[in-house]
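Colleague: Below is the structure, and that's it, no one-letter string:
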Ligand SMILES: *Cc1c(COP(=O)(O)O)cnc(C)c1O
């Protein structure tokens, strides 16, 4: 029976730690333990915990103006929209408070465009195992197994094709189709990248049939793949893109971006009380400026390659499954449904070689898959420390090859509790 946080709705199994403070790649809890954080608020803390530029943006903007109302202009919203458009193929931005809300906006925009230009076509082809959010429409757009019945009836109009199977998309295109929507790298499914060929094929299908191509870049946007936006990594330009997670660097802000021909909302079609408020937009601006600074994305690229190499080597050493991903969005398939056990072990045990009271925070999006989504500022030394901690947990739980003879479980420190 949990005694902690009982006034919070019990929507997930939370561990007992109460996190008090963070700095860069590190978190501290209420017992004075520190953790190397490769979850980072779920790929949210672009610049790590409590970066100076966000503290300054919050302090400066909160002393000026929190929000004048969504029906008035504010300077940070104008500046952030300008910056996003300057550095992308998009012409206009609508700010939201979350990724799901940005995707809801994208769905509405596509349906409106279908009413205006495609005789009422409204179906949006999405993919199996896709994740687009937790509102009713975005759950319906998602392809997570079981979600089609969870809060029935679904929002209609999201036929499902398969990732990297162009024929499966083509087969679903009909007179009611208005758009194709996907994540360039599926995040929640366990980090499954689309192939460039598949994305090129989707772009061609959209051009041929007069459909909108929508990229959900809630997880892949803002430097995560080593390019500012994921579509740039693949060299394919969508018509509509959504952002959230990394855009706020830890605060809630999302965005819906569209090219001119798709910016079809009329007055009254879209809105929201907190949307584009000055405080969150000021933070988004500071994050964008940091990511656009000279050398920043090159360093993400280098760190991503290094993390990828270390995970490949670990997979080979332990005889595990695929190490996959792009930039600093990576996964390791353990080949056994032990990912949750590894996550719990890494969090609760002292790390090998770590300085004392140190745990490791990882994520298990699927029963046999670990996901790695560190701060974009993660160092090679921190990647090395993560690999050491993970190895210790793999050893202790005897994950991987039976034939590994040099396991040293006696070196794994005992549980703290
Ligand atoms: C996290 C995520 C969402 C949902 O964003 P929220 O801010 O949690 O609503 C949507 N799409 C993708 C690809 C995501 O990773």
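Modeller: Now that the structure is in, tell me what you want to look at. In this text the structure is predicted, and so the values were computed from the model without any measurement.
Colleague: Next, count neighbours for whatever residue of the chain ends up closest to the ligand.
Modeller: Residue of the chain nearest the ligand, by C-beta to the nearest ligand atom: residue 99 (2.3 Å). For every residue, glycine as well, the C-beta is placed using N, CA and C. Using other C-beta atoms under 10 Å, residue 99 is surrounded by 27 other residues.
Colleague: go on, the one 5 residues further on?
Modeller: As a burial measure, residue 104 scores 24 neighbours (other C-beta under 10 Å).
Colleague: So the nearest residue to residue 157 once chain neighbours are set aside versus residue 235, what's the distance?
Modeller: Spatial nearest neighbour of residue 157, chain neighbours left out: residue 123 (4.9 Å); criterion: C-beta to C-beta, 6 or more residues apart in numbering. Remark: distance between residue 123 and residue 235 (C-beta to C-beta, to the nearest Å) = 27 Å.
Colleague: which one of the two has more residues nearby?
Modeller: residue 123 (22 against 11).
Colleague: List the residues that contact that one.
Modeller: 157-159, 174, 176-178 (C-beta atoms under 8 Å, 6 or more residues apart in numbering).
Colleague: swap the cut-off to 7 Å and go again
Modeller: 157, 159, 176-178 (C-beta atoms under 7 Å, 6 or more residues apart in numbering).
Colleague: so where is the stretch 301-417 of the chain shaky, pLDDT-wise?
Modeller: Where the stretch 301-417 of the chain drops to pLDDT under 70, the residues are 350-356, 402-417.
Colleague: that older thread, would you agree the residue of the chain closest to the ligand is in contact with residue 246?
Modeller: No: using C-beta atoms under 7 Å, residue 99 makes no contact with residue 246, being 10.2 Å away.
Colleague: got the residues of the stretch 201-350 of the chain near the ligand?
Modeller: 216, 218-219, 244-245 (C-beta under 6 Å from any ligand atom).
Colleague: most neighbours, which of the residues you listed?
Modeller: Busiest of these [other C-beta under 10 Å] is residue 216, holding 32 neighbours.
Colleague: Could you pull up the contacting residues of it?
Modeller: 103, 132, 181-183, 242.
Colleague: just checking, which of the residues you listed belong to strands?
Modeller: Among the contacts of residue 216, the members found in strands (DSSP state E) are 181-182, 242.
Colleague: export the residues you listed to TSV and tack on neighbour count?
Modeller: Below are the ones in strands among the contacts of residue 216 laid out as TSV (neighbours: other C-beta atoms under 10 Å):
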residue	neighbour count
181	25
182	25
242	33
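Colleague: ok, of those residues, which one's closest to residue 8?
Modeller: Proximity of these to residue 8 (C-beta to C-beta) peaks at residue 242, which lies at 28.0 Å.
Colleague: Would you check that that closest one makes contact with residue 218?
Modeller: Yes: the pair residue 242 and residue 218 qualifies as a contact (C-beta under 7 Å) at a distance of 5.7 Å.
Colleague: Need the overlap of contacts for these two.
Modeller: With C-beta under 7 Å, 6+ apart, residue 242 and residue 218 have common neighbours 99, 102.
Colleague: Ignoring the adjacent residues along the chain, who's closest to residue 362?
Modeller: residue 343 (5.0 Å).
Colleague: Could I get the contacting residues of the one you found?
Modeller: Counting by C-beta under 7 Å, 6+ apart, residue 343 has contacts 362-364.
Colleague: How about residue 114?
Modeller: 120-122, 178 are the contacts of residue 114 under C-beta under 7 Å, 6+ apart.
Colleague: Give me the neighbour count for residue 285.
Modeller: 23.
Colleague: Residue 82 is in contact with that one, correct?
Modeller: No: the pair residue 285 / residue 82 is not scored as a contact, 9.7 Å apart, by C-beta under 7 Å.
Colleague: Residue 24 and residue 78, how far apart?
Modeller: Counting by C-beta to C-beta - residue 24 and residue 78 are separated by 31 Å.
Colleague: between these two, who's got more neighbours?
Modeller: For the pair residue 24 and residue 78, the greater number of neighbours falls to residue 24 (19 against 14), based on other C-beta under 10 Å.
Colleague: which residues does that one bridge with?
Modeller: residue 49 (DSSP bridges).
Colleague: residues touching it, list them.
Modeller: 48-49, 375, 377 are the contacts of residue 24 under C-beta under 7 Å, 6+ apart.
Colleague: Top of those by number of neighbours, please.
Modeller: residue 375 (27 neighbours).
Colleague: Skipping its backbone neighbours, what lies nearest that one in space?
Modeller: residue 48 (3.6 Å).
Colleague: Test my guess that that neighbour contacts residue 377.
Modeller: Yes: counting by C-beta under 7 Å, residue 377 is a contact partner of residue 48 at 5.1 Å.
Colleague: show me what contacts the residue of the chain closest to the ligand?
Modeller: With C-beta under 7 Å, 6+ apart, residue 99 has these contacts: 133, 218, 242, 244-245, 254.
Colleague: Ok, residue 230 next?
Modeller: 184-185, 215, 217, 220-221.
Colleague: Of these, which is the most crowded?
Modeller: residue 221 (32 neighbours).
Colleague: From residue 249, how far out is that one?
Modeller: 12 Å.
Colleague: could the contacts of residue 343 be laid out in a markdown table, adding neighbour count and distance to residue 15?
Modeller: Below are the contacts of residue 343 laid out as a markdown table (neighbours: other C-beta atoms under 10 Å; distance: C-beta to C-beta, whole Å):
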| residue | neighbour count | distance to residue 15 |
| --- | --- | --- |
| 362 | 24 | 12 |
| 363 | 19 | 13 |
| 364 | 20 | 13 |
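Colleague: Rebuild these as JSON lines, extending it with distance to residue 30 and secondary structure.
Modeller: Output for these, formatted as JSON lines (distance: C-beta to C-beta, whole Å; DSSP: H, G, I helix; E, B strand; the rest coil):
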{"residue": "362", "distance to residue 30": "21", "secondary structure": "coil"}
{"residue": "363", "distance to residue 30": "21", "secondary structure": "strand"}
{"residue": "364", "distance to residue 30": "24", "secondary structure": "strand"}
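Colleague: So which of those is the closest to residue 381?
Modeller: Nearest member of those to residue 381, counting by C-beta to C-beta, is residue 362, at 17.6 Å.
Colleague: Which segments of this protein make up each domain?
Modeller: 52-291, 294-406 (automatic domain parsing).
Colleague: contacts for the top helix by length along the chain?
Modeller: Longest helix in the chain by number of residues, with DSSP state H as the criterion: helix 296-318. Helix 296-318 is contacted by residues 223, 226-228, 290-291, 321, 323, 325, 327-328, 330, 332, 372, 376, 378, 380, 383, 387, 390-391, 394, 399-401, 404 when judged by C-beta under 7 Å, 6+ apart.
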